[in-house]
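Asker: Sharing a model prediction with you, sequence too.
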Amino acid sequence: MSPDSAMDGIDGRVPPSAREITTGQANRVWSVEGPMPYILKHYGDPSRAANEAAALRLLTSHRAPCPQLLAASRGSSTPPWTAQAALHAKPVPIDRFLPDLAEPLAAIHRIPGTHFGRLAGAQQHRSWTGYLHDRLRTYAAAAPALRAVARCLHQEVDASDTPIQPVLLHHDLQPGHLLREPAGSRLLIDWELAIFGDQRSDLARLAVRLGLDDPTPVFALASQPGATAEGRLHLYWRIHLLADAALSTDRAVREWAAGRLLASNVT
């Protein structure tokens, strides 16, 4: 069977022989065997499905390190879904995560964007500052107790406003999302939160995902080092802490993020 004919049979439904490999809370994922094995992903949020499909198409056009998109839902399909080529790869060990991340991340951050914000399924912004203000308003609305923190961050965003050229960001970097193929190539998976923006936001979100008390250890991954860049990294780190404190479904995560914000003297 040719690859094209195999893809023609993918319609988003879960075959009887599929094996569920769900690990997160928002989506369900299956491994499907056959002439062309693939990963079937059902999304709780249609905008995330549209965004991941758009990100994978863009990455493929740039020959970037990502899974191949085989098919995706269209319109009002319920549930929204994507089918991605199965990978013969394993997660990079935690002690190798940062060193192995450097090369694929640099390749991704070379892909230029056309706007700021998600690639599809959400509002697009003309400026990075506008995108950040929009996110801060969302966090403040979700967590009224943190509105004072959000106001301080709004002011810092305005004070640091400089022209930013948008590039592709993964925006959910964490152990488990970086895989190593048998030949040694590294691939990044799970692109549903991808955006166009400032590359330092990717590093700041990574620092939050790693539970770091300070984002400095990830600064070595920045392609544009310098005092101004490091200052922006710390600002974005606090914004991502606020996001977790306001929106995480895990109470322990919310409490840790809120505590870290207080410790960083944002208020």
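Answerer: Happy to help now that I have it.

Asker: Surely Leu233 is within a helix?
Answerer: Yes - per DSSP: H, G, I helix; E, B strand; the rest coil, Leu233 lies within a helix segment.

Asker: gap between it and Ala53?
Answerer: Note on Leu233: its distance to Ala53, by CB to CB, to the nearest Å, is 30 Å. For glycine as for every other residue, the C-beta is placed from the backbone atoms N, C-alpha and C.

Asker: cool, Arg180 as well?
Answerer: Remark: distance between Arg180 and Ala53 (CB to CB) = 25 Å.

Asker: So for the two, which sits in the more crowded spot?
Answerer: The residue with the greater number of neighbours, taking Arg180 and Ala53 and applying other CB atoms under 10 Å, is Ala53; the counts read 25 against 16.

Asker: Correct me if wrong, but that one is in a helix.
Answerer: Yes - under three-state DSSP, Ala53 falls within a helix.

Asker: any chance you could map the helices in the protein?
Answerer: Counting by DSSP state H, the segments of the chain that form helices are 3-8, 46-61, 97-108, 128-142, 147-159, 199-209, 227-247, 251-263.

Asker: buried ones in the second one?
Answerer: By neighbour count, and taking 16 or more other CB atoms under 10 Å as the criterion, the buried residues in helix 46-61 are 46, 48-56, 58-59.

Asker: just to revisit the earlier point, looking at the helices of the chain, which is closest to Ser31?
Answerer: Put simply, out of the helices of the chain the one that sits nearest Ser31 is helix 3-8, at 15.2 Å, with distance taken as CB to CB.

Asker: Report the rounded mean pLDDT for the closest one.
Answerer: Mean pLDDT, taken over the full extent of helix 3-8, equals 47.

Asker: go on, stretch 176-195?
Answerer: 94.

Asker: got a list of contacts for it?
Answerer: Contacts with stretch 176-195, where a contact means CB atoms under 8 Å, 6 or more residues apart in numbering, come from 23, 27, 43, 48-49, 51-52, 55-56, 59, 65-67, 87-92, 97, 100-101, 103-105, 108, 116-119, 131, 168-173, 201.

Asker: And the helices of the chain: which comes nearest Pro15?
Answerer: Comparing those by CB to CB, helix 3-8 comes nearest, at 12.4 Å.

Asker: which residues does Ser17 contact?
Answerer: Neighbouring residues of Ser17 by CB under 8 Å, 6+ apart: 32-33.

Asker: what about it, distance to Trp256?
Answerer: From Ser17 over to Trp256 the distance is 41 Å, taken as CB to CB.

Asker: What count of nearby residues applies to Pro182?
Answerer: Residues near Pro182, counting by other CB under 10 Å, number 8.
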